[in-house]
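Novice: Here is a sequence with its predicted model. Questions after.
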Amino acid sequence: MNERSDKSSHIMNTSANLLGLCFIVLTSRSILSMKGATYIDELTAFAILMFMSSCVLSFISMRRTNAVSKRFENIADFIFFIGLFFLFATTMLISFDIIS
């Protein structure tokens, strides 16, 4: 395997794991009856969208030729970073809601 394939597989694996974490956050949020739940729901839903897109693009990157593969890998990497940001924002909202 070349370096690009390894990076794409890492992005796909981590995105899939964080996607599962987002689903856990989304379902457990209703059990905890938190304030600001609509913001948490919206941020989590957006993170789910980002991580799912990153998974799909990483998979496509592993299946394509070098020129196209690199482009999909870079897009997946950027989308993954955006998903991380929204997951971070979600966890901050949850943390402040539990503390207050």
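Specialist: Nice, thanks for sending it over.
Novice: Now do the contacts for Leu21.
Specialist: Each residue near Leu21 by CB atoms under 8 Å, 6 or more residues apart in numbering is listed here: Leu87. Where you see a C-beta, it was placed from the backbone N, CA and C, and this is true even at glycine.
Novice: how near is it to Ile48?
Specialist: 10 Å (CB to CB, to the nearest Å).
Novice: same deal with Ile24?
Specialist: 11 Å.
Novice: Comparing those two, which shows the higher neighbour count?
Specialist: Ile48 (21 against 10; other CB atoms under 10 Å).
Novice: does that one sit in a helix or strand, and which one?
Specialist: helix 37-63 (DSSP states H and E).
Novice: lowest-confidence helix or strand of the chain?
Specialist: helix 3-32 (a mean of 80; mean pLDDT, DSSP states H and E).
Novice: roughly how far is that one from the heart of the chain?
Specialist: 5 Å (CA atoms, centre = their mean, to the nearest Å).
Novice: How far off centre is stretch 74-87?
Specialist: 7 Å.
Novice: and Ala89, what helix or strand is that in?
Specialist: Short version, using DSSP H and E: Ala89 is in helix 66-99.
Novice: In terms of secondary structure, what does that helix contact?
Specialist: helix 3-32, helix 37-63 (3 or more CB pairs under 8 Å, 6 or more residues apart in numbering; DSSP states H and E).
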